[in-house]
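Student: Predicted model follows, preceded by the sequence.
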Amino acid sequence: MAYRPLQEEFRQIPPVTKLYTCGCIVTTIAVQLEIVSPFQLYFNPDLIFKQFQIWRLATTFLYFGNFGFHFFFNVLFTYRYCRLLEEGSFRGRTADFFVMFLFGGTLTIVSFYIDYFLELKICGSLTTGAVFQSMEIVAR
C-alpha cells in the first residue's frame, strides 16, 4: 500500500517531536473546525490569574495560526529542528529534551511576565535572547 512508508516514517519520529508537532496540528484543526476559538488559546495573564485558565500556558505554544504557508513553514521548521535536536544532541535522552522544552517555554513565559508587570518595553527582546542562551547551555 502507498501509505505504508508514511506510517513507518511516523513511527520513527522521536516521541517529544511527535507529541509537539501533532499537538500543533490538532490544535490548528480544532480551530479551523471551530471546535475551539483562537481566543480560548492565546496567552492572557489576566485570564490565567483571575479565572484560572491555566491551559493557556500550554496552548499559546501550540497554535500557529490558520492553515496556509505561514502555518506550513512553522510546523515544518518546528518538526525539523525538534527532530534534529532529539536525535542529535539529545539522542537517548528523551526526558532531558522534554525538560529542555519545558525550560524554554517557562523562560519565555517568565520573560513575558517581567515585561508585563514591570512595563519594560525592551524586556521582550532582551529576555528572548536570554531564553535562547539558557536553552543552549542546557542542551550541552
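Tutor: Happy to help now that I have it. Numbering: from 1, shown residues only.
Student: contacts, neighbours, all on C-alpha from now
Tutor: Will do.
Student: could you give me the average pLDDT of stretch 17-36?
Tutor: Across stretch 17-36, pLDDT averages out at 92.
Student: how distant is stretch 47-64 from the center of its chain?
Tutor: 13 Å (C-alpha atoms, centre = their mean, to the nearest Å).
Student: scratch that, stretch 98-109
Tutor: 9 Å.
Student: do stretch 98-111 as well
Tutor: With C-alpha atoms, centre = their mean, you get 9 Å for stretch 98-111.
Student: Same question for stretch 70-90.
Tutor: For stretch 70-90, the distance to the chain centre is 11 Å (C-alpha atoms, centre = their mean).
Student: how close does G88 sit to N44?
Tutor: 35 Å (C-alpha to C-alpha, to the nearest Å).
Student: Pick out whichever of those two has more residues nearby.
Tutor: Using other C-alpha atoms under 10 Å, the more surrounded residue of G88 and N44 is N44, with 15 against 11.
Student: Run through the residues that contact the residue minimising distance to the centre of the chain.
Tutor: With distances taken as C-alpha atoms, centre = their mean, the residue of the chain nearest its centroid is F61 (3.8 Å). F61 is in contact with C24, G105, counting by C-alpha atoms under 8 Å, 6 or more residues apart in numbering.
Student: From I48, how far off is it?
Tutor: If you go by C-alpha to C-alpha, the gap between F61 and I48 works out to 15 Å.
Student: for the protein, which spans come out with low pLDDT?
Tutor: 1-4, 116, 119-140 (pLDDT under 70).
Student: Just list what the longest helix belonging to the chain packs against, helices and strands only.
Tutor: For the chain, the helix reaching the highest residue count under DSSP state H is reported as helix 94-118. Counting contacts by 3 or more C-alpha pairs under 8 Å, 6 or more residues apart in numbering; DSSP states H and E, helix 94-118 is packed against helix 15-32, helix 69-87, helix 123-139.
Student: Let's see that with 6 Å instead.
Tutor: Counting by 3 or more C-alpha pairs under 6 Å, 6 or more residues apart in numbering; DSSP states H and E, the packing neighbours recorded for helix 94-118 are helix 123-139.
Student: rewinding a little: for the residue nearest to the centre of the chain, what is the enclosing helix or strand?
Tutor: Using DSSP states H and E, F61 sits in no helix or strand.
Student: Many thanks, have a good one.
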